[in-house]
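> the sequence and its predicted three-dimensional model are supplied below.
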Amino acid sequence: MDETKEFRNRLEELTHEAKENGNRISVQQVREKLKDTGIDETKLQMVCSYLDMMSVEVYDEDMPEAASGAEHVRSLEHYLDELAALPQMDEVEELTLFHMAAEGHEEARARLTERYLQTVCDLAGEIEARETGKDPENRLPAGAERLNLEGEFTAEDLVQEGNVGLLMALENLQHQESLAAYRAVLLNEVTSYLEGVVEAQKAERKSDQRILNRMNQLADASHDLEQELDRKPSLEELSAYLDLPAEEIQDLLRVGGEKLKADDL
């Protein structure tokens, strides 16, 4: 599996596990989940910062009294309101942080992550508008409906995916000559990541639809042959009737939770 996709899957698993535990997860659980992804302390801090931005409380099991125990349940509207309340950053400070981040400074990466969360929301909104035909000026409303991406993404999903892309872009950041160049690189990286996620979801849904169509064809063929032969058809007969390899029919039967009787094979 692609390393970026695997890392994203691990973050999704961490977020899911945290939600099942009142939006709380320990730093030890984070380290354990990512231990075979080449995680170091810098990446660990970035992941913890990302989870915090996603309203997940990351606590240390060795210091249980430090955990507040508060449950964070924020809507997208609340999330956007919080981003709007973040302090502004001037260009000199931003450029300095970019240079530090390119050197691997974890605090600089965390500050830039916070700085560009709103940009991620804007990019997610632009992609949402493009894919759905919605007015980009009214993107990402509270309680946003599911996106028409031939998949299961919500507006919140796109923001979360964009935040992962931001995390990855800052981790791989290289030195640039100017603030404009840093911004362009970051924008391109996050946009490419988001578009890749959407296209991958479309491809997955297309593949799922193809499998569903084949399963329906198989069910219809099995029914027709059973009526014609007055018995259940064999695997070979189904293969000849549908002009499909027997191995593909067996795969479809497994996916559909169906099995042919041993004496039919």
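Sure thing, it's come through.

> low pLDDT regions in the stretch 101-250 of the chain?
Confidence mapping of the stretch 101-250 of the chain against pLDDT under 70 gives the ranges 132-155, 208.

> what is the subsequent helix or strand relative to the longest helix seen in the chain?
Scanning the chain for the longest helix, with DSSP state H as the assignment, gives helix 179-229. The C-terminal neighbour of helix 179-229 among helices and strands, as given by DSSP states H and E, is helix 235-242.

> by contact count, what packs against that following helix?
If you count contacts as 3 or more Cβ pairs under 8 Å, 6 or more residues apart in numbering; DSSP states H and E, helix 235-242 packs onto helix 179-229, helix 246-255. The way it works is simple: take the backbone N, C-alpha and C, and place the C-beta from them, glycine included.

> could you give the angle of the last one to helix 235-242?
This points to helix 246-255. 100 degrees (axes from the mean of the first three to the mean of the last three Cα atoms, to 10 degrees).

> reformat the helices and strands packed on helix 235-242 into CSV and put distance to C121 and mean neighbour count next to each item.
Formatted as CSV, the entries for these read as follows, by distance: least, Cβ to Cβ, whole Å; neighbours: other Cβ atoms under 10 Å:
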stretch, distance to C121, mean neighbour count
helix 179-229, 11, 15
helix 246-255, 37, 15
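
> reformat those helices as JSON lines; add distance to M168.
Formatted as JSON lines, the helices and strands packed on helix 235-242 follow (distance: least, Cβ to Cβ, whole Å):
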{"stretch": "helix 179-229", "distance to M168": "7"}
{"stretch": "helix 246-255", "distance to M168": "32"}
